[in-house]
Structures are given as C-alpha cells and as structure tokens.
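> What shape does this take:
(one chain, ligands or ions: 1)
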Amino acid sequence: MSTIQLAQIKVDSKTSASQSELRIGQLRIPLPNRFPISPERNALKPAGVKEPLPGEVAVLARLAPPDTLKRILTQEDALKSTARFLSRETSPDAVRLLYLAFKGGAMVKETQDLKTILDLQYLAGLDIITVQHTVSGELVKILVKHESAQIGIDLRGAFHYHALRAMEEFKKKNPEVWLHAFQVPPKIRLGRSPMPCSQGMILPMFSIDSFSRWIVPPPPTPLTKEVINVFDRKGWGALKKRDYEEIRGNSTSCNCAVCQGKDLEPFYEGKVLDVLAKAKVHDHLAQRNELESARASIRRGEFLSLLNSKQYPKEFLRQISKEA
Ligand SMILES: [Zn+2]
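You can find the predicted model right below:
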C-alpha cells in the first residue's frame with residue numbers, strides 16, 4: 001500500500017473547484033478526474049472497443065445485498081473467493097479500490113464487520129483501502145474525527161445538494177483531503193424533474209476531486225434505445241436519442257473510440273444492450289476528455305465561465321441561484 005497525498009493544489013477564484021495532483025506512490029494523477037468502474041470495463045466488449053479503459057484508479061465494484069454481505073462477513077471461503085475474484089479484474093499494475101454497493105438495507109456498522117471488510121481489501125491486494133460512508137448529517141463529524149487522507153462519498157444515483165454543500169465546507173478547511181464521489185448518475189434531479197445537465201461535470205464546483213459512474217440504475221422498463229442517456233460533449237448534458245438527434249443534428253461531435261467522429265446513426269445501431277454499452281464507454285472517454293478543459297479553466301480561475309459557456313451547466317446554475 002502506498003501513501004496517498006494531494007499536492008499542487010490550485011483553487012478556482014469563483015467556485016469551490018480545485019485543481020490538484022493526486023500522488024499515489026510514484027503516480028501523479030491530475031484532478032478533477034473520472035475513474036472507471038467495473039460495469040464500464042465490462043461494457044468494452046459489447047461496445048466493440050479493444051483498448052482498455054483509461055483511468056489511473058480502477059474502481060472495483062460489487063453489488064452487496066444483505067445475503068452476499070453476510071456470507072463475506074461470516075464465511076472464510078466467501079471472503080477468499082471475493083478477494084481472488086477482485087484481484088483478477090484488472091492488470092496487476094493498476095491502482096485498485098473496492099466499492100461495495102450496499103443494496104436492500106445491507107450495511108456495515110459493527111466494528112468487527114468493518115474490520116472484516118478491511119481485511120478483505122488487504123487480502124485482495126487492493127492499493128487503496130476504503131471505509132465507505134453513505135450520505136448523512138453525521139458524515140462531516142466522522143470525517144473530522146478520523147483525519148482521513150481520502151474520503152469516498154456514495155451519492156447512490158442521486159443529487160444530494162446538502163451533502164455536496166457539506167463536502168464543500170469540509171474541503172475549504174481540509175483542501176489536502178482527496179474527495180471521491182461514487183454512484184454518480186448521468187444527470188441531475190433537482191426538485192421533481194431531471195435536468196439534462198451532466199452531474200459528473202459540475203461536481204468539481206462542490207469540490208469533488210474525482211467520481212465514478214453509478215452501477216445500479218433503477219430498471220427502466222422496458223429498456224429501449226430511446227431512453228438511454230448519452231453524454232453530449234458540446235453542451236455537457238445527458239441526452240436521450242430524440243433530443244440528441246434533434247439538437248445535435250445527427251452528429252456526435254466526438255472522436256472517442258466508440259463514436260470515432262461518425263454520425264449518431266451508427267451509434268444507435270445494434271441490440272439495446274450494445275447501445276447501452278456504447279453509451280457507458282463513450283461517457284467515460286468523452287468526460288475524461290472534457291475534464292482536461294475543466295482542469296485548465298480551474299488553473300486559470302475561470303471554471304465558472306467555462307460552466308456558463310456550456311448550455312446545460314448554465315441552466316443548472318440559473319436554477320440553483322433561484323433556489324438558494
Ligand atoms: Zn464518443
């Protein structure tokens with residue numbers, strides 16, 4: 001296990017965004033950033049992409065409903081096989097981090113159980129050992145008490161405005177702590193209806209340093225190509241097929257390994273699950289690319305101007321200033 005440190009921290013002038021360097025052992029990782037999670041790696045093949053997914057930190061995700069969690073906590077065989085399974089998922093040189101998606105009321109609260117989860121991570125040879133917290137009012141108190149070098153908050157597929165504001169306050173006092181958000185949904189739901197604004201792309205303004213995609217979206221029944229959200233590089237939105245075609249006139253404006261600068265038509269060809277896989281891989285590649293300009297703008301103190309130059313973040317900013 002290596003030491004983890006944030007360095008070269010530059011804070012934006014008008015937002016709480018910061019640009020920094022995440023140092024893990026010899027690695028120097030630019031932040032803000034987006035790191036790949038298991039379902040995205042699994043999507044490479046159906047998306048027809050041969051190259052591995054870029055990302056300096058590999059998030060290894062497992063669904064953990066109560067029975068699975070109980071087996072891991074109480075049966076040595078289950079613990080060992082989970083560790084083996086996890087250690088095979090990525091190449092040995094990747095920086096690996098475990099994320100258990102607790103489902104159906106599953107949670108770890110006993111000290112003994114917490115210790116078992118930590119042991120699992122050591123057994124699996126993970127590079128970053130995490131204790132997971134869900135969003136709660138107690139969170140910040142716990143954080144201050146533990147003086148952790150890194151924090152992972154679980155957004156559970158939603159936009160938790162107050163929790164994000166709490167993280168923002170925390171980071172003001174602790175700029176050197178690395179904040180990662182798990183389970184970030186494609187877009188923002190503020191009030192009753194979702195906004196097309198990409199949630200991941202605006203997270204830096206709440207001082208989130210890095211994030212990874214949600215892994216358990218609610219089942220859209222039935223799943224059709226029409227309801228799949230695709231990241232729009234031009235306006236930083238997440239658009240459904242009809243809007244994407246209408247607004248962007250059949251053009252992806254994207255040169256990622258999936259889109260390859262082609263029209264939207266081939267993107268939506270094939271089976272529904274293949275299109276979903278393409279969307280996952282495209283979202284990851286396209287957002288990592290767009291985050292380069294986010295980092296550059298934060299370094300210049302101009303992140304707010306960048307957000308206002310993008311159609312959907314601009315609409316989001318207008319909305320929160322109304323609600324604030
Ligand atoms: Zn693309």
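
> can you pull out the helices in the chain?
Assigned by DSSP state H, the helices in the chain fall at 38-43, 66-74, 76-88, 111-123, 139-146, 161-173, 199-202, 241-248, 264-267, 272-299, 303-309, 311-323.

> And the fourth one, what does it pack against?
Spelled out, it's helix 111-123. Other elements packing on helix 111-123 under the criterion 3 or more Cβ pairs under 8 Å, 6 or more residues apart in numbering; DSSP states H and E are helix 66-74, helix 76-88, strand 95-102. To be clear about C-beta, it is placed using only N, CA and C from the backbone, and glycine gets the same treatment.

> Out of the ones you listed, which gets the lowest mean score?
Out of the helices and strands packed on helix 111-123, helix 76-88 stands lowest, with a mean of 82 (criterion: mean pLDDT).

> Contacts for it, please.
Helix 76-88 is contacted from outside by 60, 62, 71-73, 96, 98, 116, 119-120, 123-126, using Cβ atoms under 8 Å, 6 or more residues apart in numbering.

> quick one: low-confidence ranges for the stretch 1-150 of the chain?
Counting by pLDDT under 70, the stretch 1-150 of the chain shows low-confidence ranges at 1-2, 92, 131-147.

> sorry, back to before: for Asn250, which of the helices and strands packed on helix 111-123 is the nearest?
For the helices and strands packed on helix 111-123, the distance to Asn250 is smallest for strand 95-102, at 36.0 Å, taking Cβ to Cβ.

> so how far is that closest one off the chain centroid?
When distances are taken as Cα atoms, centre = their mean, to the nearest Å, strand 95-102 is centred 12 Å away from the chain's centroid.

> ok and that strand relative to helix 66-74, angle-wise?
For strand 95-102 against helix 66-74, the angle by axes from the mean of the first three to the mean of the last three Cα atoms, to 10 degrees is 130 degrees.

> center of this structure, which residue is that?
Nearest residue to the geometric centre of the chain (Cα atoms, centre = their mean): Ser212, 1.6 Å.

> Stretch 248-262 near the ion at all?
Yes: using Cβ under 5 Å from the ion, stretch 248-262 comes into contact with the ion via 254, 256, 258-259.

> Quick check: the two most widely separated of those?
Across those, the two lying at the largest distance from each other (Cβ to Cβ) are Cys254 and Val258, at 7.8 Å.

> that older thread, tell me which of the helices of the chain is the most buried.
helix 199-202 (a mean of 26; mean count of other Cβ atoms under 10 Å).

> any idea how far the nearest residue to Pro32 once chain neighbours are set aside lies from Ser212?
Of all residues beyond its chain neighbours, the one nearest Pro32 is Pro204 (4.3 Å), with distances taken as Cβ to Cβ, 6 or more residues apart in numbering. Between Pro204 and Ser212 the computed distance is 14 Å (Cβ to Cβ, to the nearest Å).

> Kindly reformat the helices of the chain as JSON lines containing distance to Lys50.
Output for the helices of the chain, formatted as JSON lines (distance: least, Cβ to Cβ, whole Å):
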{"stretch": "helix 38-43", "distance to Lys50": "13"}
{"stretch": "helix 66-74", "distance to Lys50": "32"}
{"stretch": "helix 76-88", "distance to Lys50": "20"}
{"stretch": "helix 111-123", "distance to Lys50": "30"}
{"stretch": "helix 139-146", "distance to Lys50": "41"}
{"stretch": "helix 161-173", "distance to Lys50": "37"}
{"stretch": "helix 199-202", "distance to Lys50": "25"}
{"stretch": "helix 241-248", "distance to Lys50": "25"}
{"stretch": "helix 264-267", "distance to Lys50": "17"}
{"stretch": "helix 272-299", "distance to Lys50": "11"}
{"stretch": "helix 303-309", "distance to Lys50": "33"}
{"stretch": "helix 311-323", "distance to Lys50": "31"}
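
> right, and the ones you listed - which one's nearest Leu27?
Nearest to Leu27 among these is helix 272-299; the distance by Cβ to Cβ comes to 16.0 Å.

> returning to what we had before: can you lay out the helices and strands packed on helix 111-123 as JSON lines showing distance to Ile247?
JSON lines is the format used below for the helices and strands packed on helix 111-123 (distance: least, Cβ to Cβ, whole Å):
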{"stretch": "helix 66-74", "distance to Ile247": "42"}
{"stretch": "helix 76-88", "distance to Ile247": "41"}
{"stretch": "strand 95-102", "distance to Ile247": "33"}
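
> what's the closest of those to the ion?
Of all the helices and strands packed on helix 111-123, it is strand 95-102 that lies closest to the ion, at 24.6 Å by Cβ to the ion.

> For that closest one, C-alpha coordinates in PDB please.
Extracted as PDB, the C-alpha positions of strand 95-102 are listed here (Å, rounded to 0.1, in the frame of the first residue of the first chain):
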ATOM      1  CA  VAL A  95      -4.200   1.300  -8.600                       C
ATOM      2  CA  ARG A  96      -7.200  -0.600  -7.300                       C
ATOM      3  CA  LEU A  97     -10.000   0.500  -5.000                       C
ATOM      4  CA  LEU A  98     -13.000  -1.500  -3.700                       C
ATOM      5  CA  TYR A  99     -16.500  -0.200  -3.900                       C
ATOM      6  CA  LEU A 100     -19.300  -2.300  -2.400                       C
ATOM      7  CA  ALA A 101     -22.700  -1.200  -3.500                       C
ATOM      8  CA  PHE A 102     -24.900  -1.900  -0.500                       C
END
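
> Fine, thanks again, bye for now.
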